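**Q** coordinates only, no sequence provided:
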């Protein structure tokens, strides 16, 4: 009966309460701030990327500078030379080709967010649409939807995503399609379950008695009431998509000639044995912080909205 | 009753198996680029590409149909329409054909006495109609020929080697037009002649198909036939049969992944029980946080860092290879660590649900110890979801873990798949994907049947 409580609580009430519940927990607040920082970085990275693309120059994060190869992070050099100039020049060091690690991490954040957003734009509409149709209409439509998602769910996860990106061809398009066309299944299952729960509630029956058509009821009445599920799904699949992209790019199938975190890890892995620890450390730290914040915030969001959605 | 359930459940499985086969087929046969150009490289001739297509059956229709693909006219519209390079190109990919005739050099051998279909995406600029002629000897102009409406053309069709096939009047929008024609007997080198009456026509695409009489000779059906013989094709890399590759790779994968699954599950269940035992204490919260932290560390980082610190720096484990059990230690530890966070969180939720039930209160009221309650009562009742979770990861025992195997040099199916992906060896990738999916479906069925055996309530659903 909690759904009814949610609907009677007034406009924005639930959302404001959820936001307050998240913000009142210091750890979650830290996570939200980290997420915000990363999205700002990603936005900045996008601006830089677009600037260099339009002016047709080699971006600074791609420029080779063989004289400044293997520069340790600024604070390490500062420790030995005590000059403030060292602290801010290449604050996170340079890689084996003299490219600034900090700038490349910002570009990696751009690609990570791009992947998270684009795959969500593929998977969530697909999953929501199919889940709504199957859940509301039942019968043959539902059987078709269940068949579709059972088939895709049977595919061996990561290998199937890799196969899609191989078939589509190297590059981020393959990554988008691979992740987007496989992860709608989870969205679809959840939404379908929720729609089935709502299908026969009094407010839906009332709408039906008033003579509204099925699509009007689905998208104007039921969907707003299960919108929180979509938000939760988004926050939980975002970090998963980022991790998968890192994995695919690491194998050389994803981003090409762009500093994706996966490519940076692969590059830094080989230099680790030569003592270049900073690139790997900072990239993995950035990846870890972003994914962890999303995971923690996603959990908190789920708890705030609906503790019973826990799986 | 039980038999009834098993039969119903098996029947439910069939559409999913079919879906899995169709999905892998579509992914690997319809979506990707031409396997011939992938196998033969960029500099292959049209003739050798087509020979490859024919040998492997890639010229046949995907599911159903009578049109076989040929490579005639490939790239013709844009580049080779006028051999002297004077073709007026209106926009990318569209060529204008002026009235009278256009002589198309095929660079291609049309077989004698065969049915072909010319498929064009074409529009007229001013309601032009077109006629197609198939003729020999590069279309040497002959006597003017009357098409019956007073418009004479510079080609004769009275010669037995020539034949005219008129197109219907073209529309102002691009539309697909099919023209069927038949090549003359006992001739080989042929040219196509496209005659446009009154005005001009714009051609965007033109392909020639060979027409067969058997619509069931499709790629999908022969794929099904091969599957029913357990023939998964040949690796394009090593020319080895894929089935023997799979057999070879299954054992190392099992050796690596069974300890990971068993160890990981035991550890995760124990930790989840610990959480359930201390459910309102700081310990539970710390464990959940730790599990989330573990879960957020990328798989790649586990492997790279583990290999660097424990194998290279500390020298506790061998770095790479598959020679004795010591080589498996580090990958097994890493495999357990990567799955632990997710599993602990899942099992903890399951346990907490059980712990909240009344029978636990009863047991506590009876004065049973915490250990007895957790292990004898809660664990037993929490088993079904645990078993489901474990059974869902069973297919991966066989298909292997991609990165662990390729990074530690374990010749299992996961490592093989990564190699196959890197070298675009699609037959192997396809086989592993298909087998993994089929195993998943079958294991799902077996799990459900086991439940039905153990728990009579399941059969009624």
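**A** Looks like it arrived, so ask away. Model, not experiment: these values are computed from the prediction.
**Q** what sits against the nearest residue to residue A:172 once chain neighbours are set aside?
**A** In space, and not counting its chain neighbours, residue A:172 is closest to residue A:255: 5.6 Å by Cβ to Cβ, 6 or more residues apart in numbering or on different chains. C-beta coordinates here come from the backbone N, C-alpha and C atoms, glycine included. By Cβ atoms under 8 Å, 6 or more residues apart in numbering or on different chains, residue A:255 lies in contact with A:111, A:171, A:172, A:175, A:245, A:249, A:262, A:263.
**Q** let's go with 10 Å and repeat that
**A** The neighbourhood of residue A:255, defined by Cβ atoms under 10 Å, 6 or more residues apart in numbering or on different chains, consists of A:107-108, A:111, A:114-115, A:170-172, A:175, A:245-246, A:248-249, A:261-263.
**Q** what's the closest of the residues you listed to chain B?
**A** Nearest to chain B out of the contacts of residue A:255 is residue A:246 (Cβ to the nearest Cβ; 6.0 Å).
**Q** can you point out the buried residues in the one helix or strand residue B:433 maps to?
**A** Element membership for residue B:433, per DSSP states H and E: helix B:426-454. Residues of helix B:426-454 classed as buried: B:426-441, B:443-445, B:447-449, B:451-452 (neighbour count, 16 or more other Cβ atoms under 10 Å in any protein chain shown).
**Q** and chain A, which of these reach it?
**A** Within the set of the buried residues of helix B:426-454, contact with chain A (Cβ under 10 Å from any Cβ of the partner chain) is found for B:426, B:429-430, B:432-441, B:444.
**Q** and of the residues you listed, the nearest to residue A:97?
**A** Set against residue A:97, the nearest of those by Cβ to Cβ is residue B:429 (32.3 Å).
**Q** state the pLDDT value of that closest one.
**A** Note for residue B:429: predicted pLDDT of 90.
**Q** so how far is residue A:105 from the residue lying closest to residue B:10 once chain neighbours are set aside?
**A** Spatially, and ignoring its direct neighbours in sequence, residue B:10 is nearest to residue B:445 (6.6 Å; Cβ to Cβ, 6+ apart). Going from residue B:445 to residue A:105 by Cβ to Cβ, to the nearest Å gives 47 Å.
**Q** and if you look at residue A:191?
**A** 35 Å.
**Q** between these two, which one's more packed in?
**A** residue A:191 (27 against 23; other Cβ atoms under 10 Å in any protein chain shown).
**Q** sec struct for that one, please.
**A** Using DSSP: H, G, I helix; E, B strand; the rest coil, the structure places residue A:191 in helix.
**Q** chain neighbours aside, what residue packs nearest to it?
**A** Spatially, and ignoring its direct neighbours in sequence, residue A:191 is nearest to residue A:131 (3.1 Å; Cβ to Cβ, 6+ apart).
**Q** swap in residue A:237?
**A** residue A:183 (5.8 Å).
**Q** confidence score at that neighbour?
**A** At residue A:183, the predicted lDDT confidence score is 93.
**Q** quick check: residues of the stretch 201-311 of chain A near chain B?
**A** Proximity of the stretch 201-311 of chain A to chain B (Cβ under 10 Å from any Cβ) is limited to residues A:239, A:242-244, A:246-248, A:250-253, A:261-262, A:265-266, A:268-270, A:272-273, A:277, A:280-281, A:283-285, A:287-296, A:298-299, A:310-311.
**Q** is it possible to mark the buried ones in those residues?
**A** So, by 16+ other Cβ under 10 Å, the buried ones in these are A:239, A:242-244, A:246-248, A:250-251, A:253, A:261-262, A:265-266, A:268-269, A:272, A:277, A:280-281, A:283-284, A:287, A:289-296, A:298-299.
**Q** quick one: average pLDDT of the longest helix seen in chain A?
**A** Looking across chain A with DSSP state H, the single longest helix is helix A:101-137. Taken as a whole, helix A:101-137 has a mean pLDDT of 95.
**Q** again with stretch A:69-84
**A** Stretch A:69-84 shows a mean pLDDT of 82.
**Q** start and end of it, how far apart?
**A** Distance across stretch A:69-84, first residue to last, is 20 Å (Cα to Cα, to the nearest Å).
**Q** how far is stretch A:224-242 from where the chain is centred?
**A** Chain-centre distance of stretch A:224-242: 10 Å, with Cα atoms, centre = their mean, to the nearest Å.
**Q** run through the strands of the stretch 101-250 of chain A in chain order.
**A** Here the stretch 101-250 of chain A has no strands by DSSP state E, counting those that start in this stretch.
**Q** which residues of the stretch 201-350 of chain B lie near chain A?
**A** Counting by Cβ under 10 Å from any Cβ, the stretch 201-350 of chain B sits next to chain A at B:288-289, B:291-293, B:295-301, B:303-305, B:307-308, B:312-313, B:341, B:345-346, B:348-350.
**Q** against residue B:6, how distant is residue B:269?
**A** In this view, residue B:269 and residue B:6 are 29 Å apart by Cβ to Cβ.
**Q** neighbours around residue A:200, how many?
**A** By the measure other Cβ under 10 Å, the count of residues near residue A:200 is 9.
**Q** identify the residues contacting it.
**A** residue A:208.
**Q** contacts made by stretch B:225-232 with the rest, please.
**A** Residues outside stretch B:225-232 that contact it (Cβ under 10 Å, 6+ apart): B:21, B:24-25, B:223, B:233, B:241-246, B:427-428, B:430-432, B:434-435, B:438.
**Q** returning to what we had before: cross the residues of the stretch 201-350 of chain B next to chain A against helices and list the overlap.
**A** B:288-289, B:291-293, B:295-296, B:299-301, B:303-305, B:341, B:345-346, B:348-350.
**Q** quick check on the residues you listed: which are buried?
**A** Among those, the ones that count as buried by 16+ other Cβ under 10 Å are B:288, B:291-292, B:295-296, B:299-301, B:303-305, B:341, B:345-346, B:348-350.
**Q** can you name the residue of the stretch 301-450 of chain B nearest to chain A?
**A** Closest point on the stretch 301-450 of chain B to chain A, by Cβ to the nearest Cβ, is residue B:436, at 3.3 Å.
**Q** I'd guessed that residue sits against residue A:157; true?
**A** Yes: look at residue B:436 against residue A:157 with Cβ atoms under 10 Å: they come within range, at 8.9 Å.
**Q** so of the buried ones among the residues of the stretch 201-311 of chain A next to chain B, which ones are in helices?
**A** Using DSSP H, the subset of those located in helices is A:239, A:242-244, A:246-248, A:250, A:261-262, A:265-266, A:268-269, A:272, A:280-281, A:283-284, A:287, A:289-296, A:298-299.
**Q** from residue A:111, how far off is the residue nearest to residue A:237?
**A** Noted for residue A:183: a distance of 18 Å to residue A:111, by Cβ to Cβ.
**Q** equivalent analysis for residue B:180, please.
**A** According to Cβ to Cβ, residue B:180 and residue A:111 sit 50 Å apart.
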